[in-house]
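>>> Need coordinates for the below:
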Amino acid sequence: MRKKLTKAIFPVAGLGTRFLPATKSVPKEIMTLVDRPLIQYAIDEARAAGIKEFIFVTSRGKGALEDYFDHAPTLEQELRKKGKTELLEILKDTNMDSGAIAYIRQHKALGLGHAVWCARRLIANEPFAVILPDDVIAAEKPCLQQMVEAYEETGGNVVAAMEVPPEKTSSYGVLDIGEDMGQMVKVKGMVEKPPAEEAPSNLAVIGRYILTPSVLRSLNQMKSGAGGEIQLTDAIANEIGGDDGVYGYRFRGQRFDCGSKAGFLQATVSFGLARAELRDDLLGYIRDVVQMDKAAE
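I've put the predicted structure just below:
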């Protein structure tokens with residue numbers, strides 16, 4: 001009987017230096033996409049996939065992140081007094097039950113693999129998901145939910161994958177495909193950030209993973225890899241050819257790299273246009289800007 005997936009790790013210890021000076025005092029994960037912080041999108045996606053236990057791997061200066069998921073009695077009381085029931089409903093999604101979230105400190109920035117390893121005692125011997133909040137995915141059915149459905153068929157380790165232009169492979173972990181089954185691929189190798197001419201494919205891993213506990217055992221023995229960090233990709237690659245195997249899942253949806261300024265702005269426009277109450281004003285503004293640009297040429 002395959003164990004149900006109920007735990008997810010959110011690595012949120014990064015300093016967010018690409019967004020300085022904003023991230024001097026505000027954790028990057030709290031930066032808002034339209035009217036919700038990045039971390040809320042990640043939490044909502046996890047909930048839709050059936051996740052019940054949320055493990056945050058944090059670092060110094062992330063207090064605002066912890067406060068965000070706490071109840072705000074004064075604010076709630078004010079809203080209730082003013083009869084703002086719609087806003088009270090919105091706040092409900094930001095409140096987490098006592099014990100649902102655990103916070104683990106990553107004291108040294110030693111990479112994604114190390115961040116996941118920090119949570120090993122809370123995972124114990126169960127499958128778990130890893131969600132990188134920087135990767136925001138707009139999808140009809142949330143990406144992790146799609147992956148859970150695929151995992152229930154295959155078991156093993158499942159990584160979210162998407163096609164990228166060959167010249168971009170050096171920014172990703174890239175899959176060497178053993179067997180292409182359409183939505184799913186069986187993986188025979190993984191290469192971290194290969195130059196275009198050495199990439200085994202253009203199918204790149206993005207920030208959603210469903211992993212078996214043996215990945216944590218691999219991380220126990222890991223030495224630093226690319227960039228002097230402990231790479232999660234290396235630990236997953238160790239599972240290829242094992243009993244569980246590794247699969248790439250071509251998710252349905254659009255991924256935005258909100259770890260970059262350009263990606264964050266693109267996501268803001270896309271998510272704004274998807275909101276009925278914002279669409280007309282935003283679309284009108286974009287058209288005006290385009291027309292001004294054309295007139296200036």
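>>> which stretches of this protein form strands?
With strands called from DSSP state E, the chain shows them at 7-11, 32-33, 36-37, 53-58, 101-105, 128-131, 135-138, 157-163, 173-180, 184-192, 203-211, 246-250, 254-257.
>>> For the fifth one, which strands pair with it and how are they oriented?
Right, the one you point to is strand 101-105. strand 53-58 (parallel) (DSSP bridges).
>>> Contacts for the partner strand, please.
6-13, 43, 46, 65-66, 96, 100-106, 115-116, 118-119, 122-123 (CB atoms under 8 Å, 6 or more residues apart in numbering). (C-beta placed from N, C-alpha, C; glycine too.)
>>> quick one on the thing from earlier: let's have the strands of the chain in TSV, adding distance to Asp234.
Output for these, formatted as TSV (distance: least, CB to CB, whole Å):
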stretch	distance to Asp234
strand 7-11	16
strand 32-33	31
strand 36-37	31
strand 53-58	18
strand 101-105	21
strand 128-131	14
strand 135-138	20
strand 157-163	13
strand 173-180	9
strand 184-192	7
strand 203-211	12
strand 246-250	12
strand 254-257	22
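>>> Tabulate those strands in CSV, adding columns for mean neighbour count, distance to Ser218 and mean pLDDT.
Below are the strands of the chain laid out as CSV (neighbours: other CB atoms under 10 Å; distance: least, CB to CB, whole Å; pLDDT from 0 to 100):
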stretch, mean neighbour count, distance to Ser218, mean pLDDT
strand 7-11, 26, 15, 94
strand 32-33, 14, 34, 90
strand 36-37, 18, 32, 90
strand 53-58, 22, 18, 91
strand 101-105, 15, 19, 86
strand 128-131, 25, 14, 96
strand 135-138, 21, 23, 94
strand 157-163, 23, 11, 93
strand 173-180, 19, 15, 86
strand 184-192, 20, 12, 87
strand 203-211, 24, 10, 93
strand 246-250, 24, 12, 93
strand 254-257, 19, 26, 94
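>>> and of those, who's closest to Leu282?
strand 32-33 (13.7 Å; CB to CB).
>>> elements contacting the closest one?
Applying 3 or more CB pairs under 8 Å, 6 or more residues apart in numbering; DSSP states H and E, we find strand 32-33 packed against helix 261-273.
>>> how distant is the helix it packs on from the center of its chain?
Between the centre of helix 261-273 and the centre of its chain there are 16 Å (CA atoms, centre = their mean, to the nearest Å).
>>> Please put the alpha-carbon coordinates of it into CSV.
The C-alpha trace of helix 261-273 is given here as CSV (Å, rounded to 0.1, in the frame of the first residue of the first chain):
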residue,chain,number,x,y,z
LYS,A,261,12.3,40.8,-11.3
ALA,A,262,11.2,40.2,-14.9
GLY,A,263,9.4,37.0,-14.0
PHE,A,264,7.7,38.7,-11.0
LEU,A,265,6.5,41.5,-13.2
GLN,A,266,5.2,39.0,-15.9
ALA,A,267,3.3,37.1,-13.2
THR,A,268,1.8,40.3,-11.8
VAL,A,269,0.4,41.2,-15.2
SER,A,270,-0.8,37.7,-15.9
PHE,A,271,-2.5,37.2,-12.5
GLY,A,272,-3.9,40.7,-12.7
LEU,A,273,-5.5,40.0,-16.1
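>>> helices or strands up against that helix?
By 3+ CB pairs under 8 Å, 6+ apart, helix 261-273 packs against strand 32-33, strand 135-138, strand 254-257, helix 276-296.
>>> Any chance of JSON lines for those, columns distance to Leu144?
Converted to JSON lines, these look like this (distance: least, CB to CB, whole Å):
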{"stretch": "strand 32-33", "distance to Leu144": "17"}
{"stretch": "strand 135-138", "distance to Leu144": "9"}
{"stretch": "strand 254-257", "distance to Leu144": "13"}
{"stretch": "helix 276-296", "distance to Leu144": "25"}
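>>> Show me the one of those that comes nearest Ala129.
Nearest to Ala129, of those and by CB to CB, is strand 135-138 at 12.9 Å.
>>> Thank you, goodbye.
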